[in-house]
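> the following block contains a protein sequence and its predicted model.
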Amino acid sequence: MNVPILKSLFGAAIRFALLASWIFLLSHKLGPVPPLGKFFSPFEGFWRNAEMVSPHSKEVRVPKLAGNVAMEYDQRGVPHVFAQNLYGMFYAQGYATARDRLWQMDIQSRAGLGRLSEIMGSDLLRFDLERRRMGMAASAKTSLAMVCRDSISNLALDAYSAGVNAWIASLSPATYPLEFKLLDYTPEAWTPLKSMALLKNMQWNLSKSSDDYILTRTLEKFGAEFFAELFPLRNPGSEPIFPSSVFKSVGAVLTPPAGVGGKPPQQLQPNTDSIFPRPQPGAGSSNFVLAGSRTASGHPILGNDPHLDLSLPSIWYESQLQGGNINAYGVSVPGLPGLVIGFNQRMAWGLTNGMDDVYDWYKIRFQNDSLNAYFWNGQWLKTRFVIDTITARGGKVVIDTQIWTHLGPVPVKNGERPFDRNTPTLHALRWAALDSSDDLSPFLHLLPAQGYKDFLSAIRGMSCPAQNFAFADSSGIALVHQGHIPIKSFGQGLTLVRENDSASEWGSYIPDSLLPTAYNPSQGWLASANQEPMDSAYPFYLGSGFYPSERAGRLNRLMESAHHATLDSAWNVVMNDQSLHAEQTLPLLLGCMDSTSSSSETHQALNLLQDWNYRYQAESTAPALFDLWWKNFYRQTWEDDFEGDTLHYAWPSRPVTRLLLQSDTASDWFDDIRTPKRESGCDLVRHSFGEAVQQSLKAGSGKFATWNNFHPLSIPHLLRLPALSRANLSGNGSAECLNAQRGSHGPSWRMVVEMNSTPLALGGYPGGQSGNPGSPNYDAFVNDWLAGRPYKLLFLQHPKEQPDAIHYSLQLEGTP
Amino acid sequence: MISMLIAFAASLLGGFFLPWWWPAVLGIALGFWKPKSRLRIFFSAFIGTALAWGGLALVYQTGNHGLLAGRVAGIFGLSNGGWLVAVTALIGGLTAGFGTLAGVYCSAVYSMFKPRRTSAQ
């Protein structure tokens, strides 16, 4: 061969190599960058997720379905499912939910099972390891076996999975949801186990919060006397959910097990390396029911707004389900069949988190470093080891040995970095969420329930976490604190448990018949806002993590004053932004101020506060001043005693601090121990006021800043991508108001229902029905939600009842 | 002009059922077919494919009122969804253009072997 041919061959080889590299590079994910060729191709990439024309009615042939199901989509994108039987109904629920929210379902079920690193790489290995070590994945599996014993649950899970899979089968890489393309992976077939993983995810979010470790450190540093004074088991001034008349008689029936919980804790190894921020307290859920005697129409009204971490896509998916003996409307968790909160023809239900302590840590005394055996009840018990394998994207494999005791898992071994600052080393976790339980069944059995009796039997399946279930039908109202709550001695499990004997273990659960329950009380209303369920006459200890009664107190006042309540006035209850905390605290603060204030600015600020109506409105200046003032005062009161360390120590609560100022302004706690001078509470109030005025003026560039300067709201995308999130939102409310919005936490769903012959309902949530950022329905509800504009919920008896309200329809045609 | 039209039509039609890198194959074929002016065939393929990709992207962009493109642009730190139409056109065009470079060299190798085969007959 001659030289020119060689040259040409060489040239061709180089060009082909370059071309191949170009194609290779643009076909693969590089770090966080999606495969650019695939991603930008207008034939299969992100462009295909741009919704161009509004959907139109059509018929779709689907597998594994007998008969047809009609899905009528209303103007807001809410599907109204009309099926001939339960199977078809749950099938269609799965199909509709996947059609709008497939990626969210996939990523959240992966999170529940500890499988994120499979698609997001080794950065997520620790996340996965924690979920697995904490027993979440194992519990999803054992719970599935339990759930499937209930024939309805079994049918619902099967039908739902088949519906989701029918939708997945209709997709091609070009039509995968955007995030699959961004992260470059393909949707996996849905299984009932994934639904259980979502249920576990919910339990994780609602019951994992624990102060046990941090309270233990606080107790050890400051001593028992101090601890008892500043960390009372009950919030001062608490207004329990249930009228005290509910449980006068049972006090003598059951006495807590003797001889537990009272021993002083032993020395604990401090962990200085946990640097995670403390979970912000201040959930804000509330629910209430008003009897007919208190409403204008004479029909009972139910209201509910569960407050959660907000996200896009939203945690809730709205739908109406009709099939078999069911016709119900409400919201579900994408990935779970049934409805969590909603109503049917005869009754409405809603829930708030119970907040009971069902999460305890036990210090385990292992025989030696092999961790083969541990000491319990005077003998050595064998540890159970479980080998677990995690394969991260990119090929990294972790083979992990899980440690299990009879109490539960030991998530952190010696020498390991704890997952967060509330997870102690070599402690076993006893957590009600890890029991095998059928927590799905309430949200299925509530759908066909016809009255109080059905309601009660439906919610009995609820185990973890306990919920305050509100109920209303045309003739009655009820509130039930339902869940598996272990019988404990007072204060048991408040701090880390150090005893190694069965006396320190959880006993049986409080029997259903003794759980706080109220039906048609003479006062004509019932309400809850995460506060203590019962007063101190209740014979059982439920925990000490209940929220202060500021929101509850406001709610109770609104209930007491309701005489001709309407749907609109009930809506205004959940939107209420008047703070009882401010109403109780501001007079105390003002009482410390002398009338001859120095500067005109301070004078002006005082006037603003004196005229304030305690409403947290975005454009008002007074709530900002008050909030700064209280926070400064709170910090100045405690920072010297706690050395400014909020990371390792629990600080006394807001009500405790307020009570201290109210009862004893000369208390030692107000003295700043770092100064020779002796400060009183009022000294701190005055000092913190000056600071607040300066802070407000600074934030407002010379004028007093409005509340929204200090109250930015946001709804982040699940991947925390700012471009797919809504940020810098402005709205009324604060953590201590019923409209308890703050940061990215807030009312995840608001609903009020009046139980007429056909229920009338208003609702709304911060998001949109579609999970697709390329759809106008992605965040369509956000602005109305911020402004508190409700939607009239369309509850249909027949598919063709209100043709004007229907945007388009899908007919699922079964091909079994 | 002809090759540009071919590039446009073929990358558009093929795109709907062939993998995203189909313009590269198209480019090789065009380069092989018209090896005389490398620059001209490069730009013909580039422009034809860029128009197809960018044009289709523009259809999605306008039909969707820029909603999705605006959000995706934010992910890439771009201020405006319009940039994504340009990036899309560029990626499609370059893929086809790089294809022509390889195709031209194929043609060169082929033509060097061809006369020898003819003489042997």
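On my side now, so go ahead.

> contacting residues around the residue in the stretch 551-700 of chain A that chain B sits nearest to?
Closest residue of the stretch 551-700 of chain A to chain B, C-beta to the nearest C-beta: A:A618 (25.1 Å). Using the backbone N, CA and C atoms, a C-beta is placed for each residue, glycine as well. Counting by C-beta atoms under 8 Å, 6 or more residues apart in numbering or on different chains, A:A618 touches A:706-708, A:711, A:730-732.

> for the stretch 151-300 of chain A, give me the ranges with low pLDDT.
A:209, A:246-282 (pLDDT under 70).

> interface residues of it facing chain B?
A:178, A:182 (C-beta under 8 Å from any C-beta of the partner chain).

> where do the strands of the stretch 151-300 of chain A begin and end?
Remark: strands assigned in the stretch 151-300 of chain A by DSSP state E, counting those that start in this stretch are A:286-290.

> can you tell me the centre-most residue of chain B?
With distances taken as C-alpha atoms, centre = their mean, the residue of chain B nearest its centroid is B:A96 (2.9 Å).

> report the contact partners of that residue.
Counting by C-beta under 8 Å, 6+ apart, B:A96 makes contact with B:7, B:11, B:23-24, B:26-27, B:30, B:45-46, B:48-50.

> restrict these to those near chain A?
B:A24.

> and the contacts of B:A96, which is closest to chain A?
Nearest member of the contacts of B:A96 to chain A, counting by C-beta to the nearest C-beta, is B:A24, at 5.8 Å.

> the closest one: what secondary structure?
helix (DSSP: H, G, I helix; E, B strand; the rest coil).

> which residues touch it?
So B:A24 contacts A:19, A:22-23, B:95-96, B:98-99 (C-beta under 8 Å, 6+ apart).

> with A:M755 instead?
Contacts of A:M755 (C-beta under 8 Å, 6+ apart): A:299-302, A:343, A:346-348, A:472-474.

> what about A:A428, which SS state?
strand.

> surely A:M751 and A:L339 touch.
No: applying C-beta atoms under 8 Å as the test, A:M751 and A:L339 come out as separate, 11.1 Å apart.

> shared neighbours, those two?
With C-beta under 8 Å, 6+ apart, A:M751 and A:L339 have common neighbours A:330-331.

> more neighbours: which of those two?
Taking neighbours as other C-beta atoms under 10 Å in any protein chain shown, A:M751 and A:L339 compare with A:M751 leading, 30 against 27.

> so that one is in which element?
Using DSSP states H and E, A:M751 falls within strand A:750-754.

> list of residues touching that strand?
Under C-beta under 8 Å, 6+ apart, the answer for strand A:750-754 is A:295, A:297, A:299-305, A:330-331, A:341-343, A:348, A:350, A:472, A:566-567, A:570-571, A:573-575, A:759-765, A:785, A:790, A:793.

> nearest residue to the residue of chain A found nearest chain B in space, please, no chain neighbours.
Across chain A, the shortest distance to chain B (C-beta to the nearest C-beta) belongs to A:A723, at 2.6 Å. With sequence-adjacent residues excluded and distances taken as C-beta to C-beta, 6 or more residues apart in numbering or on different chains, A:A723 is closest to B:G74, at 2.6 Å.

> show me where the stretch 451-600 of chain A has helices.
Applying DSSP state H, counting those that start in this stretch to the stretch 451-600 of chain A gives helices spanning A:452-459, A:550-560, A:567-574, A:580-591, A:600-610.

> pick the most buried one from these.
Mean neighbour count, computed with mean count of other C-beta atoms under 10 Å in any protein chain shown, is highest for helix A:550-560 among these, reaching a mean of 22.

> quick one: mean pLDDT for it?
Confidence over helix A:550-560 (mean pLDDT, whole number) is 96.

> low-scoring stretches of chain B, by residue?
Those would be B:115-121, if you go by pLDDT under 70 across chain B.

> one more pass at 50, please.
Scanning chain B for pLDDT under 50 picks out B:118-121.

> ok, residue 108 - how many residues close by?
You didn't say which chain, so I picked chain A. Residues near A:Q108, counting by other C-beta under 10 Å: 24.

> to clarify, I was referring to chain B.
Neighbours around B:A108, by other C-beta under 10 Å: 19.

> ok, it touching A:R15?
No: contact criterion C-beta under 8 Å: B:A108 and A:R15 do not qualify, at 10.3 Å.

> in CSV, list the helices of the stretch 451-600 of chain A along with distance to A:D779.
Formatted as CSV, the helices of the stretch 451-600 of chain A follow (distance: least, C-beta to C-beta, whole Å):
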stretch, distance to A:D779
helix A:452-459, 33
helix A:550-560, 27
helix A:567-574, 21
helix A:580-591, 31
helix A:600-610, 35
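
> next, format those as CSV and append distance to chain B.
Output for these, formatted as CSV (distance: least, C-beta to the nearest C-beta, whole Å):
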stretch, distance to chain B
helix A:452-459, 41
helix A:550-560, 35
helix A:567-574, 30
helix A:580-591, 38
helix A:600-610, 39
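
> is stretch A:61-77 positioned near chain B?
No: Stretch A:61-77 is not in contact with chain B by C-beta under 8 Å from any C-beta; minimum separation 14.9 Å.

> tell me who's in contact with residue 82.
I went with chain A, as the question did not name one. A:F82 touches A:69-72, A:322-323, A:798-799, counting by C-beta under 8 Å, 6+ apart.

> that's the other chain; I wanted chain B
Neighbour list for B:G82: B:61, B:66, B:69 [criterion: C-beta under 8 Å, 6+ apart].

> in JSON lines: the residues you listed, plus secondary structure, neighbour count and distance to A:M136.
Formatted as JSON lines, these follow (DSSP: H, G, I helix; E, B strand; the rest coil; neighbours: other C-beta atoms under 10 Å in any protein chain shown; distance: C-beta to C-beta, whole Å):
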{"residue": "B:Q61", "secondary structure": "helix", "neighbour count": "24", "distance to A:M136": "42"}
{"residue": "B:G66", "secondary structure": "coil", "neighbour count": "18", "distance to A:M136": "41"}
{"residue": "B:A69", "secondary structure": "helix", "neighbour count": "27", "distance to A:M136": "38"}
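
> and those near chain A, which?
B:61, B:69.

> which strand or helix spans residue 98?
Here I'm looking at chain A. Per DSSP H and E: helix A:86-113 holds A:A98.

> my question was about chain B
helix B:82-120.

> give the buried residues for that helix.
B:82, B:84-85, B:87-109, B:112 (16 or more other C-beta atoms under 10 Å in any protein chain shown).

> would you mind listing what in chain B touches chain A?
B:15-16, B:20-21, B:24, B:28, B:53, B:56-57, B:59-61, B:63-64, B:67-69, B:71-75, B:84, B:87-88, B:91-92, B:94-95, B:98-99, B:101-102, B:104-106, B:108-109, B:112-113.

> one step back: now the element after the strand holding A:M751, going C-ward?
Next helix or strand after strand A:750-754 toward the C-terminus (DSSP H and E): strand A:760-764.

> in CSV, list the C-alpha atoms belonging to that following strand.
As requested, the backbone C-alpha atoms of strand A:760-764 are provided in CSV (Å, rounded to 0.1, in the frame of the first residue of the first chain):
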residue,chain,number,x,y,z
LEU,A,760,-70.2,20.5,49.6
ALA,A,761,-66.5,20.9,49.8
LEU,A,762,-63.7,23.4,49.2
GLY,A,763,-60.0,22.5,48.9
GLY,A,764,-56.6,23.3,47.5
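
> list the buried ones in the very next helix or strand once past it?
Where DSSP H and E defines the elements, the next helix or strand beyond strand A:760-764 is helix A:782-787. Neighbour-count burial for helix A:782-787, with 16+ other C-beta under 10 Å as criterion, is recorded at A:782, A:785-786.

> which element is the residue of chain B found nearest chain A on?
Using C-beta to the nearest C-beta, B:G74 is the residue of chain B that sits closest to chain A, at 2.6 Å. Taking DSSP H and E as the definition, B:G74 sits inside helix B:67-75.
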